[in-house]
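*Asks:* Only the shape, not the letters, is given here:
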């Protein structure tokens with residue numbers, strides 16, 4: 001019985017999921033490739049960030065966090081304000097990924 005419970009616990013541990021987030025922030029003030037590059041570098045330096053992409057035409061910053069990590073809206077707003085931009089809105093999308 002103990003062996004069966006241990007095996008079951010191990011199975012659930014190995015098949016668990018970890019959450020990563022994709023955060024889309026619409027930004028005021030981004031007008032050139034230099035702006036986009038600066039924003040990318042700023043967010044890439046954050047320990048929670050796995051990847052960041054900037055869509056200059058749509059004025060969107062798309063941030064993918066590392067599994068189990070997040071950036072709260074206030075911190076995103078502060079990072080953008082400190083860089084000289086303002087946020088119009090933030091939309092979050094969680095993605096469950098198999099644990100590695």
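*Replies:* Cool, got the structure. These numbers were taken from a predicted model, which means no experiment stands behind them.

*Asks:* Identify the residues contacting stretch 80-94?
*Replies:* 19-30, 35, 38-39, 42, 59, 61, 73, 76-77 (C-beta atoms under 8 Å, 6 or more residues apart in numbering). (C-beta placed from N, C-alpha, C; glycine too.)

*Asks:* same question, stretch 20-28
*Replies:* So stretch 20-28 is contacted by 39, 50, 58-71, 76, 80, 85-95, 97 (C-beta under 8 Å, 6+ apart).

*Asks:* Also stretch 59-78?
*Replies:* 18-28, 30, 39, 43, 46-55, 80, 87-88, 90, 97, 99.

*Asks:* Which members of those residues are classed as buried?
*Replies:* 20-27, 30, 39, 43, 46, 49, 52, 54, 80, 87, 90 (16 or more other C-beta atoms under 10 Å).

*Asks:* partner strands of the helix or strand that contains residue 89, parallel or antiparallel?
*Replies:* Element membership for residue 89, per DSSP states H and E: strand 86-98. Its sheet considered, strand 86-98 pairs with strand 17-28 (antiparallel) by DSSP bridges.

*Asks:* any idea how far the helix or strand that comes right after the partner strand is from the chain center?
*Replies:* Moving toward the C-terminus from strand 17-28, the next helix or strand (DSSP H and E) is helix 33-44. Computed by C-alpha atoms, centre = their mean, to the nearest Å, the separation of helix 33-44 from the middle of its chain amounts to 15 Å.

*Asks:* now for helix 33-44, which elements pack on it?
*Replies:* Using 3 or more C-beta pairs under 8 Å, 6 or more residues apart in numbering; DSSP states H and E as the contact test, the elements touching helix 33-44 are strand 49-55, strand 60-65, helix 73-82.
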